[in-house]
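Asker: next come a sequence and a model predicted from it.
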Amino acid sequence: MTVVIVGGGWAGCAAAYASAAAGADTVIIEKTDMLLGTGLVGGIMRNNGRFTAMEEVWALGAGDFLRVIEGVATHRWLDFPGHRHAMLYDVTRIEPAIRGILRSAGVQLKLQNRMTGVFKNNGSITGIETAGGEKIAGDVFIDCTGTAGPANNCSRYGFGCVMCILRCPTFGPRVSLTARAGVEEIKAGGEFPHFEAMSGSCKLEKKSLSPALVRKLEKDGVLVIPLPEHLRKGDQLGRKACQQYAINEFAENLIILDTGHAKLMTPFFPLEVLRTLDGFQHARYADPYSGGKGNSIRFMAIAPCDDTLRVQGVDNLFCAGEKTGLLVGHTEAIATGFLAGHNAVRLLTGKELLVLPRELACGDIISYMHEEMRKPEGLARKYTFSGSVYFQRMQELGLYTTDVSEIRKRVAKTGLTGIFKNRLI
């Protein structure tokens, strides 16, 4: 029994680990030469409601996977404007660590393989074809291809290809498994609001900053540098995919986090202007390479799915990460990835598919997001545990807490403790 996952970002890696843990032969198809996608330049977890969500996923059985991320943490319990108790992981060390745990779980990794075609029979996918002509058969499929790019979307809605970590010019454009399977995706335009958004941060080469700034950044984990009035860019806040960072402090200051690189919490900042600031005279962008001009465009195509993350219109297709809806963040991708991977094996074994209950933040965000996306105003928002409308909802419902024992009790009351570790085959 084989589960094939297309896309090796955080969602795809989590789905693969969950599928393998449940006993299925598991394959990841990833178009680039590295796993994790935007996770290679992200680096933030446990901020605000993500603490609660991460501990829920841990209690649900994902602890071994999450422990690997904790193992490359650079800072813990970090506060910065609008955010508390964040954990930062080292983006330069995370990929080999995740690659290692997937291989130890028996996951087959097919890197530099871009899916281009789908084979179907009687409403089910039977296999996929790659750009190299390889045909890969499977029993259940999971779409983790994301919503960013390709380059023509970055040109249409942004400022052109900014050479981000996804590297479409090298490895080819994003190809959606859902679309190739003949399912009409939810796309901006026409009857829908324009919900595309620009990635919310860029990265500086840490060594390009002054030694004094680097010492302070590595010691404290965060730099908050007030900007002169004429350099404040409040108009950029609305463009961010990461609306949890769309608060005035991020327009009035340079906020930089230590994630291995120096993570600059703005979609872009003109290099020639940045270099006029004290300590930034030799600054250089690590991601995207054109970070002085713009950033990558995301949320271009979403799969219609239910709360089990099963895609409507195909019998054996699930999705995770940004494909599930207007969902932002690594923790969010991991939570949906585990659910999709586990449900893929439940489908294989004839078991009832799992819907995470709304007593858990991880269940509530999926159901709430899908409800809100049926409304025009809901399509204009983004949903994340760490801020904006959903974190506010978490607090109002009493779902947000940093009390780990309370979170474990909450999961235990649902009867789902350790479910993602259960071997089903």
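Answerer: Arrived safely.

Asker: who's in contact with Leu60?
Answerer: 338, 362, 411, 416-420 (CB atoms under 8 Å, 6 or more residues apart in numbering). For glycine as for every other residue, the C-beta is placed from the backbone atoms N, C-alpha and C.

Asker: what about those, which one has the most neighbours?
Answerer: Among these, the one with the most neighbours (other CB atoms under 10 Å) is Phe338, at 28 neighbours.

Asker: tell me which of the contacts of Leu60 is nearest to Asp64?
Answerer: Phe420 (9.8 Å; CB to CB).

Asker: check what pLDDT the nearest residue to the closest one once chain neighbours are set aside gets.
Answerer: With sequence-adjacent residues excluded and distances taken as CB to CB, 6 or more residues apart in numbering, Phe420 is closest to Gly61, at 3.3 Å. We have a pLDDT of 98 for Gly61.

Asker: excluding chain neighbours, what is closest to Ala11?
Answerer: Gly321 (2.9 Å).

Asker: pretty sure that neighbour is touching Gly337, no?
Answerer: Yes - at 6.5 Å, Gly321 counts as touching Gly337 under the criterion of CB atoms under 8 Å.

Asker: okay, now Thr276: neighbour count?
Answerer: Neighbours around Thr276, by other CB under 10 Å: 11.

Asker: OK, contacts around it?
Answerer: Taking CB under 8 Å, 6+ apart as the definition, Thr276 has no contacts.

Asker: go on, Cys144?
Answerer: 5-9, 11-12, 15, 319-321, 323, 337, 340.

Asker: which helix or strand in this structure has the lowest average pLDDT?
Answerer: helix 249-252 (a mean of 81; mean pLDDT, DSSP states H and E).

Asker: can you give me how far the helix or strand following it is from the chain middle?
Answerer: Counting by DSSP states H and E, the element after helix 249-252 in chain order, helix or strand, is strand 253-258. Centroid separation for strand 253-258 versus its chain: 21 Å, with CA atoms, centre = their mean, to the nearest Å.

Asker: list the pairing partners of strand 253-258 within its sheet, with orientation.
Answerer: Partners of strand 253-258 in the sheet, by DSSP bridges, are strand 222-226 (antiparallel), strand 262-264 (antiparallel).

Asker: list the buried ones in the first one?
Answerer: It refers to strand 222-226. 222-223 (16 or more other CB atoms under 10 Å).

Asker: among the strands paired with strand 253-258, which comes closest to Asp90?
Answerer: strand 262-264 (11.2 Å).

Asker: pretty sure Arg393 sits against Tyr368.
Answerer: Yes - counting by CB under 8 Å, Tyr368 is a contact partner of Arg393 at 6.7 Å.

Asker: list the buried residues in the least confident helix or strand of the chain.
Answerer: Buried, per 16+ other CB under 10 Å, within helix 249-252: 250-252.

Asker: how far off centre is that helix?
Answerer: 24 Å.

Asker: now swap in stretch 250-261 and tell me
Answerer: 19 Å.

Asker: so how far is the first residue of it from its last?
Answerer: Its first and final residues considered, stretch 250-261 spans 18 Å by CA to CA, to the nearest Å.

Asker: do the same with stretch 268-279
Answerer: For stretch 268-279, the end-to-end distance is 18 Å (CA to CA).

Asker: ok, now stretch 255-268?
Answerer: 12 Å.

Asker: any idea of the mean pLDDT for that stretch?
Answerer: 94.

Asker: and for Asp278, the neighbour number?
Answerer: 9.

Asker: per-residue confidence for Ile366?
Answerer: pLDDT, Ile366: 98.

Asker: regarding this protein, what is its longest helix?
Answerer: As assigned by DSSP state H, the longest helix anywhere in the chain is helix 330-348.
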